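Enquirer: pasting the sequence and the predicted coordinates here, then a few questions.
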Amino acid sequence: MISILILTKNEEHDLPGCLQSVSWSDDIHVFDSHSSDDTVAIAARAGAHVTQRDYDNHLPFGGHEGEHRTWGLRNIPFKYPWIFVIDADERMTPELAAEAGAAVANAGEQVAFSVQRRDYLFNTWLKHAVPTPFNIRLFKPDRVCYERFTNPAIKVDGEIGDLKAYFKHFPYSKGMSHWVSKHNNYSTLEARQIVENHKTAVRFSIVDAVFARNRNVRRFNQKELYYRLPCRPLVMFFGLYILKGGFLDGRAGLVFVLLRSIYEYFIVLKQRELEAG
């Protein structure tokens, strides 16, 4: 079997559907950041184990999502050696549940698996516009850790496999006002991370950004390279809408790419503000 880990903060709207999609597991853990709505009650009624952790400050995840997630991996008493991490606005499909069970039963030397994600807007799958369809979500918690203030990168000590099935992601389920507010906070953390990386001279490789065989190494170097490009919001729009084919996703594709480019502009403005002191 596989344990489930769900991170929450005021997720009463999305949590019931998420819990239903993973109800096949008898070890579901909700890692809550002291929600003020009915999140904890919903989790308890579903039979999930609830662990709560205080923020270190007023920012999401205590200001460092990587540390927050890693704390959960090290301190939550999972029943099984494998866990699947899923957010409240995500849904596991029956096909993924079956494939995940078979994968851990025959893992061999592998300690983690990447899983495909499908993002939805206006009930439309953003097949072309979303740039990162693979995520490491199934793994042995003692063999991984998270890094970065927000949108954390996961480091894996061991071999990584791929699953063919996918999970669904509904990032706009709570409405546009919630998305904008959430990404206003996220852009602050992203700007902090970029400035911190520049101060500490984080090393990256153009060669690894293109040719690294490990998907996570390739993605890390691509991100560090991207953050050094001029006119990033325009690059984002052109890359997602034209090169990636976001226009093929119709109205949903256009709205998504516009929102993603605006979010990138937030990051640019806040980065400049931090660098100016």
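Expert: Received, thanks.

Enquirer: buried ones in stretch 114-133?
Expert: Taking 16 or more other Cβ atoms under 10 Å as the neighbour-count basis, stretch 114-133 is seen to contain the buried residues 114-115, 117-121, 124, 126-130. Placement of C-beta: from N, CA and C, glycine included.

Enquirer: of those, which is the nearest to Met1?
Expert: Each of the buried residues of stretch 114-133 was checked against Met1 using Cβ to Cβ; the closest is Val115, at 17.3 Å.

Enquirer: ok, the closest one to Ala165 distance?
Expert: For Val115, the distance to Ala165 (Cβ to Cβ, to the nearest Å) stands at 7 Å.

Enquirer: hey, what's in contact with both of those two?
Expert: Overlap between the neighbourhoods of Val115 and Ala165 consists of Leu96, Ala100, taking contacts as Cβ atoms under 8 Å, 6 or more residues apart in numbering.

Enquirer: tell me which stretches of the stretch 101-250 of the chain form helices.
Expert: Along the stretch 101-250 of the chain, counting by DSSP state H, counting those that start in this stretch, helices occupy 176-199, 206-211, 215-226, 232-237, 250-275.

Enquirer: got CSV for those helices, with mean pLDDT, mean neighbour count and distance to Ala41 too?
Expert: CSV is the format used below for these (pLDDT from 0 to 100; neighbours: other Cβ atoms under 10 Å; distance: least, Cβ to Cβ, whole Å):
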stretch, mean pLDDT, mean neighbour count, distance to Ala41
helix 176-199, 89, 16, 21
helix 206-211, 66, 13, 46
helix 215-226, 72, 17, 37
helix 232-237, 94, 17, 39
helix 250-275, 96, 17, 32
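
Enquirer: reformat these as JSON lines; add distance to His64.
Expert: Output for these, formatted as JSON lines (distance: least, Cβ to Cβ, whole Å):
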{"stretch": "helix 176-199", "distance to His64": "8"}
{"stretch": "helix 206-211", "distance to His64": "25"}
{"stretch": "helix 215-226", "distance to His64": "17"}
{"stretch": "helix 232-237", "distance to His64": "23"}
{"stretch": "helix 250-275", "distance to His64": "16"}
